[in-house]
Structures are given as structure tokens and as C-alpha cells.
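> here is my input; please provide its structure:
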Amino acid sequence: MKSRFFFPLVFVSLLGTALFTSGGEKRNVLFIAVDDLTCSLGCYGDLIAKTPHIDRLAASGVRFDRAYNQFPLCNPTRASLMTGLRPDQTRVYDLDRHFREELPNVVTLPQQFIKRGWFAARIGKIYHYDVPAAIGTDGLDDPPSWQKTINPKGRDKAEEDLIFNAEPHRKISGALSWLAAEGTDEEQTDGMSTTAAIDLMRQKKDEPFFLGVGFFRPHTPYVAPKKYFDLYPVNSMRLPYAPEDDRDDIPVAAFAHNCPVPNYNLKKPILLQALQAYYASVSFIDAQVGRLLDALDELGLTDKTIVVFWSDHGYHLGEHNGIWQKRTLFEQAARAPLIFRIPEASGKGQACRHVVEFVDIYPTVTEAAGFRVEEKLAGKSLLPLIENPLAPWDDQAVTQILRPADGRLPEPVMGCSIRTDRWRFTEWGEGKYGVELYDHSSDPMEFHNLAINPDEAAKKVMENLRVRLRKLASGKTPATPFHQERL
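Residues are numbered from 1 along each chain as shown. Next up, the predicted model:
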């Protein structure tokens, strides 16, 4: 066992930011990532979801109700989160590029812990994987980030031929596809990941660890043991409401190129089955989170472990008359679950309504572990909000997405969106391909685009938000286009 020194944990103020400082016991980090999970959780107010274990985590930590990812697509958002940099710094905009092509010497979040004596390991999907094709492999991993990696491959991979595909012309990775599986949780890839994580925690319980546990579900195909499907009878499922003319004031570029028509032209009974399968997968993952939390309790590690729970981005389940999956700048894709549980924090059991960003996760985890980093990061520590969710905060977050040239768009188009406490402002190709403005105080579902025939008040709001958006997204002066040369 490594020797440890115990000193009281205190907070000090440094440049207006709360900071954990401790020369004593190193805290473990359990870093839980869930793939394609929208805020379909009981603790986020979803009336359908049955998620008692994630709800339990939220009740013992701080739930961020308005946390926004930087890029609602798996590889770019994970590259941004793990480097603490924005997509225009990593220049990762698609599923194939590795961030080290642009930033070969960047120090990732787990590398910071390795440098300071923690053991760092990955189980499952933390960096990008093609799902389900790359299950059981390293995917698009980053070897310098880990001292150990484990890549389970379960029954879901072996039984892909049993998966129902509602869109046979698409691969199951991008189609509405699902399977109510036979067998146990532990036979599925994510169940195997949970077992491996618990085994590793048991092995390393006497030394500090940073353990990244990445679940593949509820990414398509939606696969979970049948008992989780039984929790959600199809006749109890409902598609989200939208006005019939909802799409009339939305720019063409706002709709993802892989979902150009409402609901993929699928019939309502199939869509309701897809909803059932998605929620079943969420409850399956919830059970795995419960196993991890129980293991912390059983091993006596709960009071020594920082738990971070996040999804790489949000997800659409039929909103705006038939949007599914991700790749949009609407609230459902830009917003995602984020929960911190820090043993010493006094804000436990509360919700934070401030607008925060996923680039804030990196500096928060390192400060919660007791150290600051030398590298310049794009975000800022959330510790002041974890201590006091009502503390003052600069509420703004930027999310962006790249549209390829296709039959709808003659050139690649970058969409960028800023979310503030009240507003969402989005421009496509710096306005060339459309602009959107939504007032969340009166229109939380973003049904009414105020950028169409705006009044003078809306024009002033857009002018202000446009400057803030371009400055925040790039770090450049507002007069300099921040992505034009990168297309």
C-alpha cells in the first residue's frame, strides 16, 4: 500500500475561483460516460424514465440541469471534453480524425492524474468508437491517457444478426434498430464493463485511481435484456408534441443530413417501439451505474471517490416533428446530463440551473482532486457551483456542428449556437444559410424562431449574442471569422 498523509481539506479563493487544496489523501475518480443519453432520467424530470440509481447519484451529488456539450457528435465532443479544448482548437469535426493530429502534445484529463501518481484505466468507450462495429477493440483510443485498458465484447455483439432494423438500407449503427435480448445484464458488453470496473476497483482500492467507465448504450442499436423492455409497454409510449407548422421557420441546415425527412418516413407503431427500446437501454445502463455505486459502498471507497456522470451529448426522440438521434443545435442534442458527486462538497443533493459547458468538466475534476494544471484550458472549474449551486455565474455555452455539402447545401456549413440563461441564438455559415433565435423564457421547446421577421428588440438581442458567440467559440476577436478558413 502506498503511504498517505492526512491533512484537513480546505477551500481557498484564488482569482475569484473556489479551489480544493489538500496535501493529504488523494481522491479516486470514477468517470462514468454514457453514449447518446439525453436528459431522459427521472432526476431530470422525465416522467417515463425508470432510473433509480442515477437518481440516487444525483440525490447525493450536484445535478447540472443546463449543461451543454461543444459538439453533438461522438468523436468531436469526447475529444473536446478529454482535452479541455473547444472543437475549433482540436479541429475534430467528424468521426475519423484523432485530436493528436492537430495537438500531438496535448495533455488529456487522465494524463494529468498519471503525472501525479494516480493509476488511470479505461473500460469501454471513453474516446470514440464506431458502435457496434468497434466493440471489443480499442476504437479511436488515446494510448497516452491510460496505463490499462479493457475492451469487453458481449452477447450484444455476438447476436447482431438478431437485431431488428427499421431501416434496412442503413447500418444498424445509424438506424433505428433494437433487440430485447435474452440472458443477463452481465452477458451484455456494458454489463461486462461494469463487472470489470468493479474488479479493478477492488484490486486498486488501496491506491488512488482514475477509472474511466464508458457505456455503449443507449447508442443504436438499442440492445438491453428483455426485462428492461417490459418496464415500458409500447401502449404507454408517446411521441413528443410539436405544432404542425413547426418546421416552417427552421433553416434547412438545422436538420442533420442523415435525418432529412421527418421520422425517417417510418410509421408511428415503429417509432413507439423505438422509444420503448431507447428507454429500455437507459434503464439497463441505470442498473449498471447502480452496481458501480454499490461497489464503492461495499469497498469503503464512497467517501474517497469523486464520481462524475456524463453523456457525450443529448439525443432526439422525435422532437420538431420527427428528428431522431443527434447532430443538431436544438436543446435536445446540445444539452446533456452532468452530475458531480464530491465527498466534501456542501451542495450535495441540489440542482444547479446555471448554464455550464462540457469544457468545464476537465478543470473541475482536477481541482476537485486537489491540483491545478499548467495548461491553458477553454473551460473553468465548476467547484463554486458544486459548493453553492446558486453562486453567481456567467451563463453562456457554445455548441457547434458541421454540415457536409450535399443535395441540400452546396458547400460545407458550420453551425454555431450560443445558449444563455434566456436565449438560444444559432447561425449557419455565419448567417448565410440561416439564423435562429429562441426565447427560453416563453418557448423552452424552441418552436418559434424569432429571427424570422425580427422586431427591434430581437435584432438587438441577436447583435449582442452574435458577438458573444464568435468570441467565445474561438477565443479570437469578434471581427475575425473563427471557422471560415477551416472548411
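> please enumerate the helices of the stretch 201-350 of the chain.
226-229, 268-298, 319-322, 331-334 (DSSP state H, counting those that start in this stretch).
> wait, which of those is closest to residue 79?
Residue 79 lies closest, by CB to CB, to one member of the helices of the stretch 201-350 of the chain: helix 331-334, at 16.9 Å. (C-beta placed from N, C-alpha, C; glycine too.)
> follow-up on the earlier one: quick check: which of the helices of the stretch 201-350 of the chain is nearest to residue 357?
So among the helices of the stretch 201-350 of the chain, helix 331-334 is nearest, using CB to CB, at 10.2 Å.
> elements contacting the closest one?
strand 316-318, strand 413-420 (3 or more CB pairs under 8 Å, 6 or more residues apart in numbering; DSSP states H and E).
> now with 10 Å?
Counting contacts by 3 or more CB pairs under 10 Å, 6 or more residues apart in numbering; DSSP states H and E, helix 331-334 packs against strand 62-68, strand 316-318, helix 319-322, strand 323-325, strand 396-403, strand 413-420, strand 423-428.
> need these in TSV (columns: mean pLDDT and mean neighbour count).
Putting these into TSV (pLDDT from 0 to 100; neighbours: other CB atoms under 10 Å) gives the following:
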stretch	mean pLDDT	mean neighbour count
strand 62-68	98	24
strand 316-318	98	21
helix 319-322	96	20
strand 323-325	97	23
strand 396-403	97	24
strand 413-420	98	24
strand 423-428	98	24
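> pLDDT of stretch 73-87, averaged?
The predicted model assigns stretch 73-87 a mean pLDDT of 98.
> what residue ranges in the stretch 51-200 of the chain score low on pLDDT?
For the stretch 51-200 of the chain, no stretch has pLDDT under 70.
> would you mind giving the domain segments of the chain?
With domains defined by automatic domain parsing, the chain comprises 10-394, 397-486.
> and residue 269, what does it touch?
Contact partners of residue 269, counting by CB atoms under 10 Å, 6 or more residues apart in numbering, are residue 234.
> I'd like the helices and strands packed on helix 331-334 as TSV, with distance to residue 153 appended.
What follows is the helices and strands packed on helix 331-334, written out as TSV (distance: least, CB to CB, whole Å):
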stretch	distance to residue 153
strand 62-68	31
strand 316-318	28
helix 319-322	33
strand 323-325	24
strand 396-403	31
strand 413-420	36
strand 423-428	39
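> the ones you listed: which one's closest to residue 277?
strand 316-318 (10.9 Å).
> any idea how far the closest residue to residue 116 other than its chain neighbours is from residue 133?
Once flanking residues are discounted, residue 116 sits nearest to residue 371: 6.3 Å by CB to CB, 6 or more residues apart in numbering. The gap separating residue 371 from residue 133 is 38 Å, by CB to CB, to the nearest Å.
> again, but for residue 187
20 Å.
> run a quick neighbour tally on the residue lying closest to residue 200 once chain neighbours are set aside.
Spatial nearest neighbour of residue 200, excluding adjacent residues (CB to CB, 6+ apart): residue 121 at 6.0 Å. Residues within reach of residue 121, counting by other CB atoms under 10 Å, total 23.
> change the start of the numbering to 59 and stick with it
Okay, using 59 as the starting number, the last item reads as residue 179.
> wait, what's in contact with residue 179?
168, 203-208, 254-255, 258-259, 261-262, 267-271.
> okay, and which of these map to strands?
206, 207, 208, 267, 268, 269, 270, 271 (DSSP state E).
> look up the closest residue to the first one, ignoring the ones flanking it.
When you say that, I think you mean residue 206. residue 179 (4.1 Å).
> next one: the helix or strand where that neighbour lies to chain centre, how far?
For residue 179, the enclosing helix or strand under DSSP states H and E is strand 177-182. In this view, strand 177-182 has its centroid 18 Å away from the chain centroid, taken as CA atoms, centre = their mean, to the nearest Å.
> put the alpha carbons of it into PDB.
The C-alpha coordinates for strand 177-182 follow below in PDB (Å, rounded to 0.1, in the frame of the first residue of the first chain):
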ATOM      1  CA  PHE A 177      -3.400   4.800 -11.600                       C
ATOM      2  CA  ALA A 178      -5.500   5.500 -14.800                       C
ATOM      3  CA  ALA A 179      -7.500   2.900 -16.600                       C
ATOM      4  CA  ARG A 180     -10.200   2.800 -19.300                       C
ATOM      5  CA  ILE A 181     -13.000   0.200 -19.600                       C
ATOM      6  CA  GLY A 182     -15.300   0.500 -22.700                       C
END
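> nearest to residue 121, of the ones in strands among the contacts of residue 179?
residue 271 (19.1 Å).
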